[in-house]
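S.K.: Got a predicted structure here, sequence first:
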Amino acid sequence: MAEVLLTGATGFLGQHLLRELVAAGHAVRGVSRSESGDAALRALGAEPVRATLGEDSPAEWALLQAAVEGCDAIFHTAADTTQWRPHNPIQTRTNVRGAELLLRAAEDAGIRRFLHTSSVSAYSHLVHGVLREDVPQRGGESWVNYERTKFLAEQAVRGSRVPWVVFQPSHILGPGDTRNWARLILLVDQGKLPGAPPGSGAFADVREIARAQVRAFEDGLEGETFLLGGAHARFVELVGMIGQRLGRKAPTRATPAWVLKSVAFASDAVSRITGRMPDITPEAAVFPCHDLQVDSSKAIARLGYRETPLPELLDATIASLREAGLLRGGAGTRG
C-alpha cells in the first residue's frame, strides 16, 4: 500500500481516480478547498488536506509542503480549464506555476513518483492528423491560453528531478460529468443547442482514464507518456446519438466553423463591455471546430486501456445525469 497525494480530488476525473486508488488499497490525501469538499473526500475514503496551487506566499508554501510530506507519490489532476481571455493570468498561475511549485515540493520531500494529467491540448489545435506520442507538440505556439499552459506544465514535469509519467486524455465523458462535454447532452435535452459544431472528437471514458493511471503507478512506470483517446465521431453524429437516446430533436447539420467563430468573437466583444463571461468565447470555439483523432495503441498495449464504444459511454453518462435529476423525463430510445 502506498500513500499518495491527489490534486483535483473533488473534480470529475479526480473523484474517479480517488475511487480506483482506494479500491486498490492505497491511502489517499485529497486536496480540498472547502468544508463541503472535505466531507465529500472523507465519504470516498480519503484524508482531506489544504493547499492552493500556484500561490507563492510563505503560508501557502507551508501548506503545500505539509500536504506532500510523507507521501510516496503525487497524482496531479487539478487544472483550470476556463476558456476566457480575462481569466488567463489566473489560469496560468494555477496550471503552470501550480505544477512548478508542486514539483518543487515533491523534490524537497523526496517523492518517488509524479503522475501528471495533461491533455491532448498540449499538442494544440495547430496539429492536424492523428495524434501519437511522438508527434511534436505545438501548445507553446498557441494563442489559446489553456493549450499553452498545458504544454508549459508538461515541460515543467519533464524537466523535474522527480520520476514522472504523463497522461494526455482527449475529450472526457462518463458518469459524474455535468460541466464538461456532458453540457452537450444537457443542451440537447433542453432544446437549446442551435447547431452541431463542425469538428470531431475522440471521446474517452473517465473510468478507463482513472484505471490506466493506477495501472501505470502500480507497474512502476517512469518517463513515459500515454495518449488516452477514445471513440472518434463528428459532433453532428454525437448530438444525433444524444437526441435519439433522449427522445429529443437534435441538429442534423453542422454549423459552419466561420459562423460559430463569428458568434464567439461577437460575444467576446460584448463581454468586454459587460465584464461577464459569454456562453461561447473565441478560445472555446476552437475545440469543437477542430478534427481530433487520437492513437491510444500504446496505452492499450501497456496499460490495458480500453476505448469504450461511444453508445456505451453515452448511455452511462446519460444515466448518471438522469440519476442526478439534471435531465427532463422521458426514456428516449437507443440506437
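M.R.: Cool, got the structure. Fair warning: this is a prediction, and the values are worked out from it, not measured in the lab.
S.K.: Most remote residue from the middle of this structure, which is it?
M.R.: Here the chain has its C-alpha centre computed as a mean, and the residue farthest from that point, by Cα atoms, centre = their mean, is Ile273 with 30.4 Å.
S.K.: Mind checking what secondary structure it has?
M.R.: Ile273 carries the three-state label helix when classified by DSSP: H, G, I helix; E, B strand; the rest coil.
S.K.: What residues sit buried inside the helix or strand harbouring Lys150?
M.R.: Of the helices and strands defined by DSSP states H and E, Lys150 is found in helix 145-158. Of the residues in helix 145-158, those scored as buried under the neighbour-count criterion (16 or more other Cβ atoms under 10 Å) are 145-157. The way it works is simple: take the backbone N, C-alpha and C, and place the C-beta from them, glycine included.
S.K.: so how far is Glu141 from the nearest residue to Ser142 once chain neighbours are set aside?
M.R.: Spatial nearest neighbour of Ser142, chain neighbours left out: Ser124 (4.2 Å); criterion: Cβ to Cβ, 6 or more residues apart in numbering. Taken as Cβ to Cβ, to the nearest Å, the spacing of Ser124 relative to Glu141 amounts to 7 Å.
S.K.: one step back: who touches the residue nearest to Ser142 in this structure?
M.R.: Contacts here follow Cβ atoms under 8 Å, 6 or more residues apart in numbering; on that basis Ser124 touches Gln137, Arg138, Gly139, Glu141, Ser142, Val144, Glu147, Arg148, Phe151.
S.K.: Distance to His232 added to these, as a markdown table?
M.R.: Conversion of the contacts of Ser124 to a markdown table gives the following (distance: Cβ to Cβ, whole Å):
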| residue | distance to His232 |
| --- | --- |
| Gln137 | 20 |
| Arg138 | 21 |
| Gly139 | 21 |
| Glu141 | 25 |
| Ser142 | 22 |
| Val144 | 22 |
| Glu147 | 20 |
| Arg148 | 25 |
| Phe151 | 23 |
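S.K.: Tell me the one among those residues nearest to Gly70.
M.R.: Lowest distance from Gly70 to the contacts of Ser124 (Cβ to Cβ) belongs to Phe151, with 31.5 Å.
S.K.: So for that closest one, what's the pLDDT?
M.R.: Per-residue pLDDT puts Phe151 at 98.
S.K.: Which residue, neighbours along the chain excluded, lies closest to it?
M.R.: Computed as Cβ to Cβ, 6+ apart, the closest residue to Phe151 that is not its neighbour in sequence is Gly139, at 2.7 Å.
S.K.: so what pLDDT did that neighbour get?
M.R.: According to the model's per-residue confidence, Gly139 sits at a pLDDT of 98.
S.K.: measure Thr92 to Glu133 for me?
M.R.: When distances are taken as Cβ to Cβ, Thr92 and Glu133 turn out to be 25 Å apart.
S.K.: So for these two, which sits in the more crowded spot?
M.R.: Neighbours were counted for Thr92 and for Glu133 using other Cβ atoms under 10 Å; Thr92 has more, 19 against 14.
S.K.: Setting aside sequence neighbours, what's the nearest residue to Val28?
M.R.: Excluding the flanking residues, the one nearest Val28 by Cβ to Cβ, 6+ apart is Ala46, at 4.3 Å.
S.K.: So that neighbour is in contact with Ala9, correct?
M.R.: Yes: with contacts defined as Cβ atoms under 8 Å, Ala46 counts as touching Ala9 at a distance of 6.3 Å.
S.K.: quick one: common contacting residues for those two?
M.R.: Leu18, Val28, Gly30.
S.K.: Hmm, Arg113 is touching Val165, no?
M.R.: Yes: in this structure Arg113 lies within contact range of Val165 using Cβ under 8 Å: 7.4 Å.
S.K.: So for these two, which sits in the more crowded spot?
M.R.: Neighbour totals were compared for Arg113 and Val165, and Val165 leads with 24 against 21 (other Cβ under 10 Å).
S.K.: mind listing what the more buried one touches?
M.R.: With contact taken as Cβ under 8 Å, 6+ apart, Val165 is in contact with Arg113, Phe114, Leu115, His116, Ala216, Phe217, Leu221, Glu222, Gly223, Glu224, Thr225, Phe226.
S.K.: Of these, which is the nearest to Arg234?
M.R.: Phe226 (25.2 Å).
S.K.: before we move on, what SS does that closest one have?
M.R.: With three-state DSSP as the basis, the three-state label of Phe226 is strand.
S.K.: and if you look at the one 10 residues further on?
M.R.: Using three-state DSSP as the criterion, the local structure at Val236 reads helix.
S.K.: in this structure, which segments are predicted with low confidence?
M.R.: The model of the chain has pLDDT under 70 over residues 329-335.
S.K.: Which parts of it are helices?
M.R.: Counting by DSSP state H, the segments of the chain that form helices are 12-23, 35-43, 58-68, 88-92, 98-109, 145-158, 182-190, 206-218, 235-246, 257-274, 282-289, 297-303, 310-323.
S.K.: From start to finish, how long is stretch 153-168 in a straight line?
M.R.: One end of stretch 153-168 to the other measures 12 Å (Cα to Cα, to the nearest Å).
S.K.: I'd like to know which elements the helix holding Lys150 is packed against.
M.R.: In terms of contacts (3 or more Cβ pairs under 8 Å, 6 or more residues apart in numbering; DSSP states H and E), helix 145-158 is packed against helix 88-92, helix 98-109, strand 113-117, strand 164-169.
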